[in-house]
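Student: Sequence and predicted model, in that order:
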Amino acid sequence: MAQANADIQLTVTLEGERKMENFGALLAAVIGTIDTPLLILMNGDLGAGKTTISRGILQGLGHQGAVKSPTYTLVEPYQLDLGKIYHFDLYRLMDPEELEHIGFSDYLSEAKLCIIEWPENGGSYIPQADISIDIKLHESGRQVTLGSSTESGKQCINLLQQI
């Protein structure tokens with residue numbers, strides 16, 4: 001997992017879907033202060049809460065309405081005040097080369113924010129994360145660990161620790 005090499009980490013324990021969404025909204029508030037594009041990689045078992053935190057981020061950035069997991073479409077685009085945001089779910093990706101066929105590098109280059117669930121399925125097509133989020137079951141909730149080794153990601157985590 002990407003956070004193993006991280007220069008900075010933050011771990012929180014969250015209980016319940018609402019707390020996971022609220023944590024995503026807090027992260028969104030911090031993301032909104034960063035000038036550079038960001039790449040967030042979401043790691044965790046099926047049902048761990050990757051989409052729940054993604055929903056909190058997107059709604060925290062101003063998206064109105066439902067946030068669906070792009071499991072079948074691979075990517076869900078959003079145009080928000082922050083800019084272009086792409087939410088990827090690579091769970092059903094059969095071959096990392098499929099990313100080349102959908103213009104994955106174009107998405108990355110034009111986005112203000114990309115959130116990728118199941119990044120391990122993208123192999124070498126997935127660049128270094130600004131923020132890696134690892135979610136594990138923990139007692140009655142989830143243990144969420146954010147890690148980063150990029151300046152933008154470290155800035156986000158530092159700001160999040162101050163909230």
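Tutor: Yep, that arrived.
Student: which residues of the protein score low on pLDDT?
Tutor: 1-6 (pLDDT under 70).
Student: what about the strands in it?
Tutor: Secondary structure of the chain, counting by DSSP state E: strands at 8-14, 38-44, 75-80, 83-89, 113-117, 131-138, 141-148.
Student: tell me the residue furthest from the middle of this structure?
Tutor: What lies farthest from the middle of the chain is residue 139; by Cα atoms, centre = their mean that is 23.1 Å.
Student: what sits against it?
Tutor: Counting by Cβ atoms under 8 Å, 6 or more residues apart in numbering, residue 139 touches residue 13. The C-beta positions use only the backbone N, C-alpha and C, and glycine is treated the same way.
Student: can you do 10 Å?
Tutor: Shown in contact with residue 139 (Cβ atoms under 10 Å, 6 or more residues apart in numbering): 13, 15.
Student: how close does it sit to residue 47?
Tutor: Distance, residue 139 to residue 47, using Cβ to Cβ, to the nearest Å: 16 Å.
Student: if we can go back for a sec, from residue 13, how far off is the residue farthest from the centre of the chain?
Tutor: Noted for residue 139: a distance of 8 Å to residue 13, by Cβ to Cβ.
Student: can you point me to the longest helix in the chain?
Tutor: The longest helix of the chain (DSSP state H) is helix 17-31.
Student: chain center to that one: distance?
Tutor: Centroid displacement of helix 17-31 relative to its chain, using Cα atoms, centre = their mean, to the nearest Å, is 11 Å.
Student: cool, and stretch 126-134?
Tutor: Taking Cα atoms, centre = their mean, one finds the center of stretch 126-134 at 8 Å from the center of the full chain.
Student: Could you pull out the buried residues of it?
Tutor: 126, 129, 130, 131, 132, 133, 134 (16 or more other Cβ atoms under 10 Å).
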